[in-house]
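**Student:** just to be clear, the model below is a prediction. Sequence and coordinates:
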Amino acid sequence: MGALEVLVSDILCEAGLERLDVRTRTALELPGYFRATKKWDLIVISNGALVLAMEFKSQAGKSIGNNLNNRTEEAVGSAKDIWTAFREGRFGQCPPPFLGYLFLLEDRENVKSPVSNKEPYFQVDPEFRGDAELKGTLNLRRHKGVSYSKRYEILCRRLVLERLYTSACFMMATNSTKTRISQPAEDLTFQRFVAALRGHVVTFLGSQSQ
């Protein structure tokens, strides 16, 4: 993920931000509302204003499913925390910052196979139910569920849909000598993420020059 942080930092500087205003290694703590501070992965502070804050998250290995709920809770909680802190004036009188979420998932077979849901009392959201198949002699229809990669895609999309993050990116990469990167969702590509990021920077710099 370090390479992605460097790439995004370069993009921000090319868009017009000062290199010293872009932080990726130290002094990354920002005030919260439900907690004192939260350490982000990349932040930009320019002329005393919070321009943006970003999370770079990844998941690899065989135990991907075990951490999906934790990643979801973390993403939602962090966004709720910082937006409430913004509402309470923790960042002074400045326009709303750009909040970005970039997720990189290891591309392997176990993340692309359907995963069934446990529904002892109520049905899960239709997006997570997947296709139905006939089971048993009674031909009962049973939904197969969706894969972990699809669940992460849904997460990223809904983080933006619910306005918890300004923009989100979802990518997959193989763990091999020649890494192959794929972008399953057209609305969550790195190109679209960067376009939104550039647009925010341009708007911010324009407001500073007035």
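**Tutor:** Structure's in. What do you need?

**Student:** drop to CA atoms for contacts and neighbour counts, all remaining ones
**Tutor:** Will do.

**Student:** confirm that C169 sits in a strand.
**Tutor:** Yes - judged by DSSP: H, G, I helix; E, B strand; the rest coil, C169 forms part of a strand.

**Student:** wait, it sits on F190?
**Tutor:** Yes - applying C-alpha atoms under 8 Å, one finds C169 in contact with F190, separated by 5.7 Å.

**Student:** per-residue pLDDT, A3?
**Tutor:** At A3, the model reports a pLDDT of 88.

**Student:** from the contact counts, what lies against whichever strand or helix holds it?
**Tutor:** Secondary structure from DSSP states H and E places A3 in helix 2-14. Applying 3 or more C-alpha pairs under 8 Å, 6 or more residues apart in numbering; DSSP states H and E, we find helix 2-14 packed against helix 190-209.

**Student:** elements contacting the helix it packs on?
**Tutor:** Applying 3+ C-alpha pairs under 8 Å, 6+ apart, we find helix 190-209 packed against helix 2-14, strand 167-173.

**Student:** now the angle from the shortest one to helix 190-209?
**Tutor:** In this case it means strand 167-173. 150 degrees (axes from the mean of the first three to the mean of the last three C-alpha atoms, to 10 degrees).

**Student:** cool, and the first one?
**Tutor:** Our comparison of helix 2-14 with helix 190-209, counting by the same axes, to 10 degrees, yields an angle of 40 degrees.

**Student:** check which element follows helix 2-14 along the chain.
**Tutor:** strand 22-23.

**Student:** quick one: buried residues of whatever helix or strand comes next after that following strand?
**Tutor:** Where DSSP H and E defines the elements, the next helix or strand beyond strand 22-23 is strand 29-31. Buried residues in strand 29-31, counted by 16 or more other C-alpha atoms under 10 Å: 30-31.

**Student:** this completes my enquiry, with thanks.
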